[in-house]
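Q: mind folding the following:
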Amino acid sequence: MRGLGLIGLVVALAIVALVAKKQFAGAAAPAVSTGGDATAPAPVRDQARQVQEQYKQALDAAMQQSQRKMPDDE
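A: Down below sits the predicted model:
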């Protein structure tokens, strides 16, 4: 029974390793731009700022909704 658990653990580890290898292989090959700057992807820093701004806006909207739903204590 103990051997079966060990075999299952090894199989699960192998599956995770294969998935991780596929993920890293896809991320390791950057896209090469042959066109002008109009089709070039935004720098990572700009993308991070955009994601942060979208997250902040969504959080602010959720906070405003929760404040509207709360009954007045007065």
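Q: burial count for residue 47?
A: For residue 47, the neighbour count with other CB atoms under 10 Å is 11. Just so you know, the C-beta spots here come from the backbone N, C-alpha and C atoms, and that holds for glycine as well.
Q: state the distance from it to residue 26.
A: Distance of residue 47 to residue 26, given as CB to CB, to the nearest Å: 17 Å.
Q: now do residue 51
A: 20 Å.
Q: next: residue 57.
A: Taking CB to CB, one finds residue 57 at 30 Å from residue 26.
Q: likewise residue 49?
A: With the distance defined as CB to CB, residue 49 ends up 24 Å from residue 26.
Q: okay, those two: which has more neighbours?
A: For residue 49 versus residue 26, neighbours defined as other CB under 10 Å are more numerous around residue 49 (12 against 8).
Q: so for the helix or strand harbouring the more buried one, what's the average pLDDT?
A: Using DSSP states H and E, residue 49 sits within helix 44-69. The pLDDT scores in helix 44-69 average 86.
Q: what's that helix packed up against?
A: Contact partners of helix 44-69 among helices and strands, from 3 or more CB pairs under 8 Å, 6 or more residues apart in numbering; DSSP states H and E: none.
Q: any buried residues in that helix, and which?
A: Buried residues in helix 44-69, counted by 16 or more other CB atoms under 10 Å: none are found.
Q: from residue 16, how far off is residue 22?
A: In terms of CB to CB, residue 22 sits 11 Å off from residue 16.
Q: hmm, I typed the wrong one, I wanted residue 9.
A: As for residue 9, its distance to residue 16 is 11 Å (criterion: CB to CB).
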